[in-house]
Structures are given as structure tokens and as C-alpha cells.
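**Q** Next come a sequence and a model predicted from it.
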Amino acid sequence: MQRYSCLIVFFAVGVLAYSCESLAQNESDRQKLLTVWAGMLPIILSAPHGGRQSLPGVPARRGAGVIQFATGRDNNTDELAETIAVRLEKRLNAKPFLVIARIERKYLDANRPTESAYESTEAKLYYDGYHNALREAHDRVSGEWGRGLLLDIHGQGAQAEAIYRGTGNGKTVVSLTQRFGTEAITGPKSIFSQLELMGYKVLPSTTESHKEQRYVGGYIVQTYGSHRGRGVDAIQLEIGTKLRARANLERTATDLAEAIAVFAQEYLPIMKSSAPAETVHQP
Ligand SMILES: [Zn+2]
């Protein structure tokens with residue numbers, strides 16, 4: 001009887017060791033395909049479909065019945081988002097939150113609702129990982145700073161040298177504009193005015209009507225924007241092909257980081273809203 005117990009224990013330990021090893025393997029695979037930074041600023045950068053990695057053994061999505069089905073990656077937006085994050089850290093002496101999917105869009109589109117985003121259980125894991133990371137960043141920003149900004153980084157080919165703004169025509173930044181007015185979006189210290197000052201074409205421009213064109217904001221800004229009532233505003237940035245070309249990537253990232261930093265110093269509570277409660281020690 002005792003021998004059987006020993007055998008069972010031995011077997012159980014073996015299974016446990018095997019499970020731990022395979023869990024660790026899954027975890028390291030996930031880390032390779034999702035880049036996640038925990039930040040120390042109320043700024044979240046997201047890049048959902050610039051990835052180039054495939055999911056071995058997983059067929060490409062077919063998109064049957066999916067509205068707005070797209071499989072073409074937003075070239076270099078993963079690298080662009082990461083470089084903006086690195087520059088922002090240098091400029092503001094603290095890391096922003098960062099969530100990047102490294103997987104090809106033909107397997108997974110994290111900027112879609114679940115029913116249109118993936119067609120395999122493998123891709124679902126990464127979709128859940130992506131949105132869990134965004135949700136956690138969002139919760140931390142709203143909990144620790146009270147409010148903040150999420151920038152969802154995309155690429156477009158319609159206007160190669162332009163950057164489109166997408167806020168659902170003001171919906172996803174409603175908390176920001178209620179507090180500061182539309183100045184925060186089009187005024188001198190806004191991200192878009194700063195970009196225009198650097199010579200970028202911004203659409204819509206800060207001087208024309210506020211109606212957004214073409215790219216008004218997709219699933220991520222619609223899901224995490226301040227119209228949801230949590231105080232984190234969300235803006236989709238659609239960066240033109242030329243600005244994302246490898247030769248221009250560093251410059252575009254540096255300029256975007258500078259524009260974001262100017263905005264952050266004017267409009268974001270860069271310092272945390274309140275220090276964590278300390279235990280008061282009575283003498
Ligand atoms: Zn996109």
C-alpha cells in the first residue's frame with residue numbers, strides 16, 4: 001500500500017514538474033509575442049496590429065461574415081510605438097505603459113471585438129493577453145492618477161505624409177474636453193498643434209472644423225475611451241506610410257514623443273494624485 005502511495009506521489013510530482021515547465025514555456029512564448037510595460041506615467045501606448053510573427057500550425061483567418069475584415073499589418077507600428085515609449089521615458093524620466101502585439105494580423109486583430117478578432121484558440125490566448133494588459137494599464141492609470149491618456153498607434157496609406165486623429169469625433173476624449181475645452185485637442189499645447197508646428201500634416205488640421213475624416217477611431221479607443229466613464233481619454237493615431245518607413249521611424253517617434261510630452265506637461269497629472277496611504281505609527 002505504502003509503495004503505491006509513493007508511486008502516486010512520484011507520479012504527481014512528475015506531472016507537476018512537467019506542467020510547470022510547459023506553463024513557463026507558454027509564458028515565455030507569450031512574452032515574445034506580446035510586449036507589455038508597466039508604466040510610471042498616466043500614458044498608455046498600444047499597437048495592436050503591426051506584428052510580423054506567425055503562430056505555428058495556426059491557419060490564417062478567413063473572415064467569413066466579419067465586417068471590416070482586414071489582414072494587412074500596419075507596417076512598423078510595433079517598432080514605432082516602442083520607440084515613442086523609449087523617447088518618452090527619456091523626456092519625462094518615467095516609463096509610459098506599453099502594449100504591443102507582435103503577431104501578424106492575419107492570425108489576430110486586437111483592434112476588433114472578440115467575435116471578429118481571431119478564429120483559433122491559440123490566437124484567443126494572445127487576444128486575451130493583449131486586452132488584459134490594456135485593462136490592467138487602464139485600471140492602474142485611473143486608480144493611481146485619476147485620469148490619463150491612451151494612444152492607439154496605427155498606420156494608413158491614404159495620405160503618406162499625414163497623421164489622422166481618431167476620437168469618434170470627440171467621444172473618446174470627452175473627459176479631457178469637459179475639463180479643459182477643445183484646446184486640449186487643437187490648442188497650442190495639444191499633441192496635434194505641436195505636430196503641426198514641427199511641420200507634420202494633421203487631419204483634420206487644428207484650424208478647420210473638428211469633424212474627423214476616414215479614421216474616426218476603432219475598437220480599442222471605443223472600448224477604453226473616457227466616454228466609458230473612467231477618466232482615461234483615448235486617441236487613435238493613423239500614421240502615414242512615409243512617416244513609418246524605416247528611414248524615418250526614429251524621427252517620427254522622437255517628434256511624436258516630444259508632442260506627447262508637451263501635452264502631458266500641460267494636461268496630465270504626471271505626478272500621482274495621492275500617495276498610497278501610510279500606516280501611522282503611534283509612538
Ligand atoms: Zn490599424
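**A** That came in fine, so what should we check first? Numbers count the residues shown, from 1 in each chain.
**Q** Give the closest residue to Y267 in space, chain neighbours not counted.
**A** Nearest non-adjacent residue to Y267, counting by C-beta to C-beta, 6 or more residues apart in numbering: A184, 5.3 Å away. (Glycine included, C-beta is placed from N, CA and C.)
**Q** what do you get for G57?
**A** E122 (7.7 Å).
**Q** Report the central residue of this protein.
**A** S46 (1.3 Å; C-alpha atoms, centre = their mean).
**Q** Determine the set of other helices and strands touching the helix or strand that residue falls within.
**A** Here S46 is covered by strand 43-47, with elements defined by DSSP states H and E. On a contact count with 3 or more C-beta pairs under 8 Å, 6 or more residues apart in numbering; DSSP states H and E, strand 43-47 meets helix 77-92, strand 97-101, helix 121-144, strand 148-156.
**Q** got TSV for these, with mean pLDDT and distance to S209 too?
**A** Compiled in TSV, the helices and strands packed on strand 43-47 are given as follows (pLDDT from 0 to 100; distance: least, C-beta to C-beta, whole Å):
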stretch	mean pLDDT	distance to S209
helix 77-92	98	28
strand 97-101	98	32
helix 121-144	97	30
strand 148-156	98	20
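**Q** picking that back up, hmm, the residue nearest to G57 is touching R61, no?
**A** No. The criterion here is C-beta atoms under 8 Å, and E122 misses it with R61 at 11.9 Å.
**Q** Compare the two (neighbour count), which wins?
**A** Comparing E122 with R61 by other C-beta atoms under 10 Å, the one with more neighbours is R61, at 22 against 16.
**Q** okay, that one: pLDDT?
**A** Listed pLDDT for R61 reads 95.
**Q** cool, and R214?
**A** The model's pLDDT for R214 equals 87.
**Q** give me the number of residues near it?
**A** R214 sits with 11 neighbouring residues when counted by other C-beta under 10 Å.
**Q** do the same with the one 3 residues further on
**A** Counted with other C-beta under 10 Å, residues neighbouring G217 total 25.
**Q** ok, and the closest non-adjacent residue to it?
**A** G166 (3.6 Å).
**Q** for that neighbour, which residues make a bridge with it?
**A** Q236 (DSSP bridges).
**Q** before we move on, the earlier item: mind checking which of the helices and strands packed on strand 43-47 is nearest Q178?
**A** Between Q178 and the helices and strands packed on strand 43-47, the shortest gap by C-beta to C-beta is with strand 148-156, which sits at 14.5 Å.
**Q** what's the angle from the closest one to strand 97-101?
**A** Computed by axes from the mean of the first three to the mean of the last three C-alpha atoms, to 10 degrees, the angle separating strand 148-156 from strand 97-101 equals 30 degrees.
**Q** Partner strands of strand 148-156 and their direction?
**A** When DSSP bridges is applied, strand 148-156 pairs with strand 43-47 (parallel), strand 232-240 (parallel).
**Q** what residues are up against I163?
**A** F192, L195, Y200, K201, V202, L203, L237, E238, I239, G240, L243 (C-beta atoms under 8 Å, 6 or more residues apart in numbering).
**Q** What's the ChimeraX line that selects buried ones from those residues?
**A** Selection of the buried residues among the contacts of I163 in ChimeraX, burial being defined by 16 or more other C-beta atoms under 10 Å:
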select :192,195,200,202,203,237,238,239,240,243
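**Q** of the contacts of I163, closest to the ion?
**A** Nearest to the ion among these: E238, at 7.1 Å, using C-beta to the ion.
**Q** and the closest one, what pLDDT?
**A** Listed pLDDT for E238 reads 98.
**Q** before we move on, what about V9?
**A** Confidence at V9, expressed as pLDDT, is 45.
**Q** What's the separation between the residue of the stretch 51-200 of the chain found nearest the ion and R214?
**A** Nearest residue of the stretch 51-200 of the chain to the ion (C-beta to the ion) works out as H154 at 3.4 Å. Here H154 is placed at a distance of 11 Å from R214 (C-beta to C-beta, to the nearest Å).
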